[in-house]
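> heads up, no residue letters with this:
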């Protein structure tokens, strides 16, 4: 989906008319502040003082709130609440959003509003307190509910059928049979089912189902924490689609979504999310996105793509069942970063290695293709002057997060910070340093250990990091200038020779780095190969809205013409340059380099580069002749 297509879709969403019948729930967040706890005189037990509380709609209610946040203006809710304060809170939240609640019925007996109360102590969720587990839907309520839905269904574009709890409205055969008959009477209407237990109960519906549920329906048993293999998910999608003769969306969490319809099987990759995530409600967000797109006439692939964007926004909202606004959806979807081939990335046994080489071929070089332009990343691809930058950035970030508590922090907190920093550095390898530092500012605020007026801005943290890194670089350059070490000690095996061969073959060379531009130029000059680029060296310019590697790609494509992107080849050891190449149709060579030895395979890099979209994985440039042959370049 292009940016323009996404903008048009978002602009059309206010026209959508959607009904949601299902299990309406309420999520209660109770944040405990132990500073005011006391011992109860009556019980002798320590109290849990609630400093603040927040309520948000869950289940079918979360689907509704996601629809509203996306811009859908006409939403009708059909469900059951209890005669209790939580039910009134639910109605208040729905009506505040402009939802038509004439289909929300109160059952006075044997029904409590479904609520999931989540106490938090020290930012850690404690055991949940649930209401509504013993509900029994009466036939009278069921009949009334479905009669109201039947009156409304002709006036909507899409009807969502939601089932999430064992004690919800679907737990009686009477209700299920009557709803199935209603769906049958309106066979021309789009009904979308999202059901944990009754996916077989409703013929004639489009299904949104997660991979574990889909696999189970096809006789494939996987434990909840097991991965459903890609082949199993594909088989399940095709089997269910053919069985029910209706489209099927099989969601795979961070691995994206499979779509099976009359056009066959298609895939929407998962999105790269660099920060912390909270997956509660992600399925509801996906469902809302799918329904909204279908309601305004988009096809199933575009619907899955929109759902993927909506879920990608909401999983980044912590301690809440979040929603996604049109601006947030556009921000993540206008130029999305996908995760490609996660199964291959995680399992080296699947690697296809070119005979007689150390090269893993992910995508064959297009037959007859001639590469005229080559872009190289610098650090870790050609140069190893900055090898070990992570060991400098890590303590800088840890110190920034802990602040004055750096020495006094207990081991538990310290290790929590260390793990958070290492995970963040791993996910952001290859992006501009300034962007990484902007993320650091967010993490410092997240932990809340440093007073807000003492938190530096991104340039401030970058200066601290850069001072340490440049000291390391200067020491290494000095060794080189004194003759203690030579260029081979600071470059990948045969890297400089490969550059020279490409230039001799008439390939135009570019150097693009997330490092500050002048530093890149200085280091390339110091190592003696700046001239092969004929001045085409690009680096960061102190602005986070300008990514050097993106700028270079755009300049080159504008130069040779957008239709000739296949003539561009990119070499890099970071996800950014690989991902940008993949988006634009160039050929991406991932350098899974061991920067300490300067040759040999780094398996962690291999996995990271495949997820970013690499077409070819090489450990270094040592097998020059084989590499030139595979790429169709003269030796």
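Structure's in. What do you need? On a predicted model such as this, the values are computed, not experimentally measured, just so you know. Numbers count the residues shown, from 1 in each chain.

> starting at the chain centroid, how far to the lowest-mean-pLDDT helix or strand in the chain?
For the chain, the helix or strand with the lowest mean confidence is helix 548-560, at a mean of 76 (criterion: mean pLDDT, DSSP states H and E). Taking the mean of its C-alpha atoms, helix 548-560 sits 26 Å from the chain's own mean (Cα atoms, centre = their mean, to the nearest Å).

> and if you look at stretch 141-149?
That offset, for stretch 141-149, works out to 39 Å (Cα atoms, centre = their mean).

> mind listing what's buried in that stretch?
Neighbour counts over stretch 141-149 (16 or more other Cβ atoms under 10 Å) mark 141-142, 145-146, 148-149 as buried. Glycine gets a C-beta too; all of them are placed from N, C-alpha and C.

> same question for stretch 290-306.
Under the neighbour-count criterion of 16+ other Cβ under 10 Å, stretch 290-306 has 290-296, 298, 300-306 buried.

> strands - which of those land there?
Using DSSP state E, no member of the buried residues of stretch 290-306 sits in strands.

> and the least confident helix or strand of the chain, what does it pack against?
Packing partners of helix 548-560 (3 or more Cβ pairs under 8 Å, 6 or more residues apart in numbering; DSSP states H and E): strand 373-376, strand 508-516, strand 537-540, strand 568-572, helix 575-584.

> what lies in contact with that helix?
Helix 548-560 is contacted by residues 372-373, 375, 377, 432, 510, 512-514, 517, 538-541, 564-565, 567-568, 570, 572, 576-577, 580-581, 584, 586 when judged by Cβ atoms under 8 Å, 6 or more residues apart in numbering.

> possible to save the buried residues of stretch 141-149 as TSV with secondary structure?
Formatted as TSV, those follow (DSSP: H, G, I helix; E, B strand; the rest coil):
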residue	secondary structure
141	helix
142	helix
145	helix
146	helix
148	helix
149	helix
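
> not counting its neighbours along the chain, what's nearest residue 606?
Nearest non-adjacent residue to residue 606, counting by Cβ to Cβ, 6 or more residues apart in numbering: residue 592, 4.1 Å away.

> so who does the one you found touch?
So residue 592 contacts 573, 601-603, 605-606, 609, 617-619 (Cβ under 8 Å, 6+ apart).

> for the stretch 501-635 of the chain, give me the ranges with low pLDDT.
Applying pLDDT under 70 to the stretch 501-635 of the chain flags the ranges 544-547, 562, 635.

> so residue 114 versus residue 78, what's the distance?
15 Å (Cβ to Cβ, to the nearest Å).

> who's more crowded, those two?
The neighbour count for residue 114 versus residue 78, taken as other Cβ atoms under 10 Å, is higher for residue 114 (30 against 27).

> the contacts of helix 548-560, buried ones only, as a ChimeraX selection?
To isolate the buried members of the contacts of helix 548-560 in ChimeraX, using 16+ other Cβ under 10 Å:
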select :373,375,377,432,510,512,513,514,517,538,539,540,565,567,568,570,572,576,577,580,581,584,586
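
> so what are the domain limits for this structure?
3-334, 342-384+491-631, 389-481 (automatic domain parsing).

> might you calculate how far the shortest one sits from the centre of the chain?
What that stands for is domain 389-481. Taking the mean of its C-alpha atoms, domain 389-481 sits 23 Å from the chain's own mean (Cα atoms, centre = their mean).

> what does the second one give?
For domain 342-384+491-631, the separation from the chain centroid amounts to 24 Å (computed by Cα atoms, centre = their mean).

> next: the first one.
Distance of domain 3-334 from its chain centroid, counting by Cα atoms, centre = their mean, is 19 Å.

> identify the residues contacting the strand or helix carrying residue 25?
For residue 25, the host element (DSSP states H and E) is strand 24-32. Strand 24-32 has contacts (Cβ under 8 Å, 6+ apart) with 48-62, 77, 79-81, 86, 89-90, 104, 113-121, 126, 132, 164-165, 280, 319-321.

> and after it, which helix or strand comes next?
strand 50-59.

> list the buried residues in that next one.
Residues of strand 50-59 classed as buried: 55-59 (neighbour count, 16+ other Cβ under 10 Å).

> as TSV, these with pLDDT and distance to residue 530 would be great.
As requested, the buried residues of strand 50-59 are exported to TSV (pLDDT from 0 to 100; distance: Cβ to Cβ, whole Å):
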residue	pLDDT	distance to residue 530
55	89	61
56	87	56
57	91	59
58	89	58
59	91	60
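
> any chance of those residues in JSON lines with distance to residue 98 as columns?
Output for the buried residues of strand 50-59, formatted as JSON lines (distance: Cβ to Cβ, whole Å):
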{"residue": "55", "distance to residue 98": "18"}
{"residue": "56", "distance to residue 98": "17"}
{"residue": "57", "distance to residue 98": "14"}
{"residue": "58", "distance to residue 98": "19"}
{"residue": "59", "distance to residue 98": "19"}
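
> and the helices and strands packed on helix 548-560 as CSV, adding distance to residue 159?
Shown next, in CSV, are the helices and strands packed on helix 548-560 (distance: least, Cβ to Cβ, whole Å):
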stretch, distance to residue 159
strand 373-376, 50
strand 508-516, 48
strand 537-540, 50
strand 568-572, 47
helix 575-584, 36
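
> closest to residue 424 out of those?
The closest of the helices and strands packed on helix 548-560 to residue 424 is helix 575-584. By Cβ to Cβ, the value is 13.7 Å.

> what angle separates that closest one from helix 548-560?
With axes from the mean of the first three to the mean of the last three Cα atoms, to 10 degrees applied, the angle from helix 575-584 to helix 548-560 works out at 30 degrees.

> mind listing residues that contact helix 575-584?
Contacts with helix 575-584, where a contact means Cβ under 8 Å, 6+ apart, come from 272, 335, 337-338, 340, 375, 377, 429-431, 512, 514, 547, 549-550, 553, 557, 565, 568, 570, 572, 587-588, 590, 608-609, 611-615.

> which residue, other than its chain neighbours, is closest to residue 457?
Excluding its sequence neighbours, the residue lying closest to residue 457 (Cβ to Cβ, 6+ apart) is residue 441, at 6.7 Å.

> can you give me the distance of the one you found to residue 424?
Separation of residue 441 from residue 424 (Cβ to Cβ) stands at 12 Å.

> then residue 494?
Using Cβ to Cβ, residue 494 is found at 33 Å from residue 424.

> so which of those two has more stuff around it?
Comparing residue 494 with residue 424 by other Cβ under 10 Å, the one with more neighbours is residue 424, at 21 against 18.
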